[in-house]
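Asker: Here you go, sequence then predicted model.
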Amino acid sequence: SVPSSIIETHELSSMTLEYRRECGRETMCRSSLANVVTVQVVLMGYRILGNVECQHLLRLDDGSEVIRARTERGRSTTQRASENSGGS
């Protein structure tokens, strides 16, 4: 559920999972992206998108939480190299 624009430009750097409850094998769950926080830096007049933190939720159909997760993504090394060489 992370936007593809973030997946294409950022690498997963950390993940934290908080288990809230168990669910059965046949239990129906829904996943959602609860929040996206981006750090933007202005350097020499250029706005640079820094780290991205996302909060994810896995819920049962009744709305109770099964797992709460937090992921952090940093700029991918390929993306930084492309920007430094003037590529797109």
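Answerer: Great, that's in hand.
Asker: helices and strands of this structure: which one bottoms out on pLDDT?
Answerer: The helix or strand of the chain with the lowest confidence, counting by mean pLDDT, DSSP states H and E, is helix 77-84 at a mean of 56.
Asker: Just list whatever residues bridge to the residue most central in space within the chain.
Answerer: When the chain is reduced to its mean C-alpha position, the nearest residue by C-alpha atoms, centre = their mean turns out to be residue 54, at 3.9 Å. Going by DSSP bridges, residue 54 is paired in beta bridges with residue 36, residue 71.
Asker: how close does it sit to residue 29?
Answerer: From residue 54 across to residue 29, the span is 18 Å (C-beta to C-beta, to the nearest Å). In short, each C-beta sits where N, CA and C put it, glycine included.
Asker: any chance you could map the helices in this structure?
Answerer: Secondary structure of the chain (DSSP state H): helices at 4-9, 77-84.
Asker: Now do the same contact list for the residue nearest to the centre of the chain.
Answerer: 2, 6, 33, 35-37, 70-73 (C-beta atoms under 8 Å, 6 or more residues apart in numbering).
Asker: Go again with 6 Å.
Answerer: 2, 36, 71 (C-beta atoms under 6 Å, 6 or more residues apart in numbering).
Asker: how about the residue nearest to residue 6 when sequence neighbours are not counted, what does it touch?
Answerer: Distances taken as C-beta to C-beta, 6 or more residues apart in numbering place residue 52 nearest to residue 6, at 5.4 Å, with adjacent residues excluded. Residue 52 makes contact with 6, 10, 38, 73, according to C-beta under 6 Å, 6+ apart.
Asker: and if you look at residue 28?
Answerer: residue 61.
Asker: Distance check, it against residue 4.
Answerer: From residue 28 across to residue 4, the span is 26 Å (C-beta to C-beta).
Asker: again, but for residue 21
Answerer: Separation of residue 21 from residue 4 (C-beta to C-beta) stands at 31 Å.
Asker: go on, residue 42?
Answerer: 25 Å.
Asker: low-scoring pLDDT stretches of this structure, where are they?
Answerer: Within the chain, the stretches with pLDDT under 70 are 1, 41, 43, 46-49, 77-88.
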